[in-house]
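>>> just the structure for this:
(chains A and B)
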2 protein chains.
Amino acid sequence: MLVTCTKNELLSKINVVSKAVAVKTTMPILECILITADSAGMRLTANNLELAIQTSNMTDDVTIMEKGLAAPEAKVFFEIIRNLPDNIVTLETDENNTLIIKSGKSEFKILSLPGNDFPEITHVEKIIKYDVKSNIFKSMIKQTIFSVAVEDSKPVLTGELIEIKEDCFNIVAIDGFRVSFRKNIIDNKNENVSVVVPAKTLNEISRIISDKEDEMISMYFTDNHALFETEDFTVVSRLLEGEFFKYEQSFINEYTTLVRIDRHELLSSVERATLISRDSKKNPVEFKIVDNKMIITSNTETGTSYEEVYADTEGEDLTIGFNPRYIIDALKAVEDEKINIKFMSSLSPCVIEEIDGESYKYLILPLRIKG
Amino acid sequence: MLVTCTKNELLSKINVVSKAVAVKTTMPILECILITADSAGMRLTANNLELAIQTSNMTDDVTIMEKGLAAPEAKVFFEIIRNLPDNIVTLETDENNTLIIKSGKSEFKILSLPGNDFPEITHVEKIIKYDVKSNIFKSMIKQTIFSVAVEDSKPVLTGELIEIKEDCFNIVAIDGFRVSFRKNIIDNKNENVSVVVPAKTLNEISRIISDKEDEMISMYFTDNHALFETEDFTVVSRLLEGEFFKYEQSFINEYTTLVRIDRHELLSSVERATLISRDSKKNPVEFKIVDNKMIITSNTETGTSYEEVYADTEGEDLTIGFNPRYIIDALKAVEDEKINIKFMSSLSPCVIEEIDGESYKYLILPLRIKG
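Next up is the predicted model:
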């Protein structure tokens, strides 16, 4: 292989694929980035066998003098490229599996594993295409992914449900203590989809996806894999197996107490209430709903806190405890100025939702308050 | 105690003293901040018994309704103040050692230890005063402190030598592999001083000191302590005992090879040469001085690097190895565009110094090059 390209484009392509480079592995080739220069162009690939990312072909002053493959260790390759003195970079391989990197008056020689040893990306047949706006997909992931299960006692809950039901595109995450739900209307006449994508895949996609308004991401699904494609990259991920929790049943529309409250004020108050608590699981924050206000208190070995927030209230007075972390996560995910919170009793979950619509719903189980 | 003050000033004062709060200790009072409200005003103190910092009296809308002391745990106190909803803060103690913090519609009650248990700051008699500009003191610390010894096999080297010799104010740090020296001319007619101040003290001073041009820091010394005073704070620190290395002898003025080189270009080249090295102690970088250039190479298990930097050279050609970390530290500390580097042989230290002056000197021992 003998190619020249620009440092800036090479760096941005390394950034895209680096999320799929394996970190700890017994197969050294998975810690490498595959550089491909062929008649189609020059591109990068990383593949940790769960998740593979391939960039589109480079477009910025690329010259391929000799086609070929190289697979340098990702971290060293990234650090060298990042620090090169000049924007023009030459990459060359020799017969001893050495990759020679030249730029300005700098020259590096590093080991490159044989490119042919690099694992191929699982082939996903492109049969039915589902399109979503990239920026919407990105925000839907960000607004739900925090409530994915961390422990894998039920592996399927370490992923997010992607559900396409006619023109509804839903993303749902559940960790056993809460349900986070986002809905978006799309233009779809294809058959319905219900798959669980590993959180890691969605996290990496949301990091590399553009948030420009006019870009689309296309999705294709098989029984075991999903393919996500934009102008800049292709991601192939395996899917999680197992039955996802039937979340629709948990969002009932009834309530005995309804609170309409300023999201930002409530968020600041709950955050302050956690300041005197080291472990939010052991120290629930208490919410007392009385006429036209919510009183937020906490009581720990460090001290006590008391907060009042003005609210529109409807229905019965109520006192209920929550893990403040869960309330904070949901309030941070939302962008609206005001939100509704529905309660049934002090032992039933609350639901945080949009005032005029159903584009998001956060269900949170209560904690029993001591004393 | 019953006082009101502003959140902003209280926060900035907490920031100043927080560097002297003990982190791990068996005496809980040392993890507290002492709040003092008396006829002189309201101020904060922290004291970890090695280093004590006291702020000047607060000036911003302070009202003392009831004099007194309080000693809340520093971290909780800081977090609560930082998150208060309103700029006006009320602090009140009750008979049960509770500190009540009120602001807007928030109220916190936290434990306060008895203020009388707080250790008094060591008294330093203000006999002879030495003045330096704050911003110069700050930069002199920053430009030398990186080469203080980390291990305390020789405890005196974990501090910096502060030396006042007639109108020269010098700061020196030595770790056994290098000497970092900064000099500044001051207006002094008092007797000479030679003391070793713990690096931690100087680090904290350099963090809280102003870098405004017109502010001064005053210093007073006793046999065992130093007192540093500005408009904003007083710092009292113990001194380190023991004989400091006689650094003057190591800076000889002779050389067989002299290089005048662009500091930034050399720095970037040496930084790049370290990219293929995981351990800079085991992998010296090689510097080859030939006619009008310096060739910088490294050779590790990861690969090789080659760099050329143009330089004005004088004297003999030379090949010498260094721990690149030490060269990088010195080059980063300096601000000049061009610097001189003097060499005697490939087994003797080099000296990086100012082209027209002696305000800084960095001596670095070489490493033997393999092969």
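>>> so the residue positioned nearest the centre of chain A: helix, strand or coil?
The centroid of chain A falls nearest to A:Asn203 when counting by CA atoms, centre = their mean (2.6 Å). State at A:Asn203, reduced to three classes by DSSP: H, G, I helix; E, B strand; the rest coil: helix.
>>> which pLDDT value goes with it?
Per-residue pLDDT puts A:Asn203 at 95.
>>> let me see the contact set for it.
The contact partners of A:Asn203, by CB atoms under 8 Å, 6 or more residues apart in numbering or on different chains, come to A:Ile141, A:Ile145. (Each C-beta comes from the backbone N, C-alpha and C, glycine too.)
>>> would you mind measuring from it to chain B?
28 Å (CB to the nearest CB, to the nearest Å).
>>> how about stretch A:167-185: buried residues?
A:169-175, A:177-184 (16 or more other CB atoms under 10 Å in any protein chain shown).
>>> stretch A:23-34 now?
For stretch A:23-34, by 16+ other CB under 10 Å, it's A:Ile29, A:Leu30, A:Glu31, A:Cys32, A:Ile33, A:Leu34.
>>> how long is it end to end?
By CA to CA, to the nearest Å, the extent of stretch A:23-34 from end to end equals 15 Å.
>>> the longest strand in chain A is where?
strand A:303-315 (DSSP state E).
>>> any residue of it touching chain B?
Yes - shown here: strand A:303-315 in contact with chain B (CB under 8 Å from any CB of the partner chain) through A:Gly303, A:Thr304, A:Ser305, A:Tyr306, A:Glu307, A:Glu308, A:Val309.
>>> re the thing from before, quick check: the farthest pair among the buried residues of stretch A:23-34?
A:Glu31 and A:Leu34 (11.5 Å; CB to CB).
>>> what does chain A have sitting close to chain B?
A:73, A:76, A:79-80, A:83-85, A:98, A:105-111, A:268-269, A:271-272, A:275-276, A:302-309.
>>> would you mind measuring from the residue nearest to the centre of chain A to A:Ile186?
22 Å (CB to CB, to the nearest Å).
>>> also A:Ala311?
Where A:Ile186 is concerned, A:Ala311 sits at a distance of 34 Å (CB to CB).
>>> who's more crowded, those two?
Taking other CB atoms under 10 Å in any protein chain shown, A:Ala311 and A:Ile186 do not tie; A:Ala311 has more neighbours (21 against 14).
>>> that one reaches A:Lys293, doesn't it?
Yes - the criterion here is CB atoms under 8 Å, and A:Ala311 meets it with A:Lys293 at 5.7 Å.
>>> ok, the closest residue to chain B within the stretch 251-371 of chain A - contacts?
Nearest residue of the stretch 251-371 of chain A to chain B: A:Gly303, at 3.6 Å (CB to the nearest CB). By CB under 8 Å, 6+ apart, the contact list for A:Gly303 reads A:Ile276, B:Val76, B:Thr98, B:Phe108, B:Lys109, B:Ile110, B:Leu111.
>>> can you name the residues bridging to the fourth one?
Here B:Phe108 sits in beta bridges with A:Ser305, B:Ile101, as judged by DSSP bridges.
>>> that one: neighbouring residues, count only.
28.
>>> isn't it right up against B:Phe77?
No - the criterion here is CB under 8 Å, and B:Phe108 misses it with B:Phe77 at 9.4 Å.
>>> can you list the buried residues of stretch A:23-34 in TSV and add pLDDT?
Formatted as TSV, the buried residues of stretch A:23-34 follow (pLDDT from 0 to 100):
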residue	pLDDT
A:Ile29	95
A:Leu30	96
A:Glu31	96
A:Cys32	97
A:Ile33	98
A:Leu34	98
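>>> cross these against strands and list the overlap.
A:Leu34.
>>> what's the closest non-adjacent residue to the residue of the stretch 251-371 of chain A closest to chain B?
Closest residue to A:Gly303 apart from its sequence neighbours, by CB to CB, 6 or more residues apart in numbering or on different chains: B:Ile110 at 3.6 Å.
>>> how is that neighbour assigned, secondary-structure-wise?
strand.
>>> right, and it touches A:Thr302 too?
Yes - contact criterion CB under 8 Å: B:Ile110 and A:Thr302 qualify, at 6.0 Å.
>>> so what sits against both of these two?
In contact with both B:Ile110 and A:Thr302: A:Ile276, B:Glu73, B:Val76, using CB under 8 Å, 6+ apart.
>>> what segments of the stretch 1-150 of chain A are strands?
Secondary structure of the stretch 1-150 of chain A (DSSP state E, counting those that start in this stretch): strands at A:2-6, A:34-38, A:41-47, A:51-55, A:63-66, A:68-72, A:88-93, A:98-103, A:106-113, A:130-133.
>>> same question for the stretch 151-300 of chain A.
Using DSSP E, counting those that start in this stretch, strands in the stretch 151-300 of chain A cover A:159-165, A:168-174, A:178-185, A:193-198, A:216-221, A:225-229, A:233-238, A:257-262, A:285-290, A:293-299.
>>> ok, the closest residue to A:Leu113 other than its chain neighbours - contacts?
Of all residues not flanking A:Leu113 in the chain, A:Ala71 sits nearest, at 4.3 Å (CB to CB, 6+ apart). Residues near A:Ala71 by CB under 8 Å, 6+ apart: A:Ile29, A:Cys32, A:Ile33, A:Leu34, A:Ile35, A:Ser112, A:Leu113, A:Pro114, A:Gly115, A:Asp117, A:Phe118.
>>> re the thing from before, closest to B:Ala149 out of the strands of the stretch 1-150 of chain A?
Using CB to CB, the strands of the stretch 1-150 of chain A put strand A:106-113 closest to B:Ala149, at 33.8 Å.
>>> which other helices and strands does that closest one contact?
Judged by 3 or more CB pairs under 8 Å, 6 or more residues apart in numbering or on different chains; DSSP states H and E, the packing partners of strand A:106-113 are strand A:68-72, helix A:74-83, strand A:98-103, helix B:263-273, strand B:303-315.
>>> what's the most buried one of these?
strand A:68-72 (a mean of 23; mean count of other CB atoms under 10 Å in any protein chain shown).
>>> quick one: mean pLDDT for that strand?
97.
>>> partners of it in the sheet?
By DSSP bridges, strand A:68-72 pairs with strand A:34-38 (antiparallel), strand A:106-113 (antiparallel).
>>> in TSV, list the ones you listed along with distance to B:Val132.
What follows is the strands paired with strand A:68-72, written out as TSV (distance: least, CB to CB, whole Å):
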stretch	distance to B:Val132
strand A:34-38	55
strand A:106-113	42
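>>> closest one to A:Glu248 among those?
Of those, the one closest to A:Glu248 (CB to CB) turns out to be strand A:34-38, at 42.8 Å.
>>> buried set for the closest one?
So for strand A:34-38, counting by 16+ other CB under 10 Å, buried means A:Leu34, A:Ile35, A:Thr36, A:Ala37.
>>> and the contacts of it?
In contact with strand A:34-38 (CB under 8 Å, 6+ apart) are residues A:1, A:3, A:42-47, A:64, A:66-72, A:91, A:115, A:118.
>>> how about A:Pro28: what's its closest non-neighbour residue?
That would be A:Leu113: by CB to CB, 6+ apart, it lies 6.6 Å from A:Pro28.
>>> list the contacts of the one you found.
With CB under 8 Å, 6+ apart, A:Leu113 has these contacts: A:Pro28, A:Ile29, A:Cys32, A:Ala71, A:Pro72, A:Asn97.
>>> from A:Met27, how far out is it?
For A:Leu113 relative to A:Met27 (CB to CB), the value is 10 Å.
>>> same question, A:Ser305
In terms of CB to CB, A:Ser305 sits 51 Å off from A:Met27.
>>> now stretch A:183-196: mean pLDDT?
For stretch A:183-196, the mean confidence score works out to 94.
>>> return the residues in contact with A:Val3.
A:Ala37, A:Met42, A:Val62, A:Thr63, A:Ile64, A:Met65, A:Glu66, A:Thr90, A:Leu91, A:Glu92.
>>> just the pLDDT for the first one.
At A:Ala37, the predicted lDDT confidence score is 97.
>>> and the gap between the residue nearest to A:Asn47 when sequence neighbours are not counted and A:Ser56?
Distance criterion CB to CB, 6+ apart; nearest residue to A:Asn47, sequence neighbours excluded, is A:Pro119 at 5.2 Å. A:Pro119 is 20 Å from A:Ser56, where distance means CB to CB.
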